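Visitor: could you look at this predicted model? Sequence included:
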Amino acid sequence: MEPRISLITLGVADLERATRFYQDCLGLPRLQTPPSVVFFELGTTWLALWSRASLAADAGLAADAGLAAEGSGFRGFALAHNVRSPAEVDALLTRVASCGGTVTRAGHPTDWGGYSGYFTDPDGFAWEIAHNPDFPHV
C-alpha cells in the first residue's frame, strides 16, 4: 500500500445540513457530485459526505455499531487542520461555533509548543484546529 489517504468519508445524519456546514462555514471547495454524496477537494485528499446508513451498509456494518443510534459519542479519532497562527485557531473556532459546530476545547497553548483547540461538526465528528510552528504542511 502506498503511504497516502485518498478519501475520507464521513457518515452523516443529514446530508444537506452537513454540506452547508462544510461548504458555507468551513469554505471547502465542493466538487460536482451526484445527489446522494458530496465531495470536497482538500489538495490530494478528498472529503466525502454520505448518509450514515449508506456508508454503514457499504462497509457491511450496522449503522449504529459501537455508537448511539444518533451518532453521538467519541469515535476514537479526530481530523486535524493546521493553520498559520494561534489567532487563526481562535478565529476558526469562533466561526465554527456560529455555524452549528460545537467547540469542545477552546484554543490553548500545548505542551508540544503549539496552540490548538477542538470542535465537533453537526454530526459529532471531532476536528482539531492547530498551529504547530514546526509542521511543514500549512
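Guide: That came in fine, so what should we check first?

Visitor: where does the nearest residue to R84 once chain neighbours are set aside land on pLDDT?
Guide: Excluding the flanking residues, the one nearest R84 by C-beta to C-beta, 6 or more residues apart in numbering is V138, at 5.6 Å. Bear in mind the C-beta positions are built from the backbone N, C-alpha and C, glycine included. Here the pLDDT value assigned to V138 is 70.

Visitor: wait, V138 touches V83, no?
Guide: Yes. At 6.7 Å, V138 counts as touching V83 under the criterion of C-beta atoms under 8 Å.

Visitor: the strands in this structure, which residues?
Guide: 7-12, 37-42, 45-51, 79-82, 102-109, 115-120, 126-131 (DSSP state E).

Visitor: and the third one, what's buried?
Guide: Within strand 45-51, the residues that count as buried by 16 or more other C-beta atoms under 10 Å are L47, A48, L49, W50, S51.

Visitor: of those residues, which is the nearest to V37?
Guide: V37 has its nearest neighbour among the buried residues of strand 45-51 in W50, at 4.7 Å by C-beta to C-beta.

Visitor: who does that closest one form a beta bridge with?
Guide: The partner list for W50 in beta bridges (DSSP bridges) reads G11, V37.

Visitor: number of residues surrounding the residue nearest to A80 when sequence neighbours are not counted?
Guide: Closest residue to A80 in three dimensions, ignoring its sequence neighbours and counting by C-beta to C-beta, 6+ apart: E128, at 4.3 Å. For E128, the count of nearby residues is 16 (other C-beta atoms under 10 Å).

Visitor: can you give me the domain assignment for this protein?
Guide: In the domain annotation for the chain, the residue ranges read 1-59, 75-130 (automatic domain parsing).
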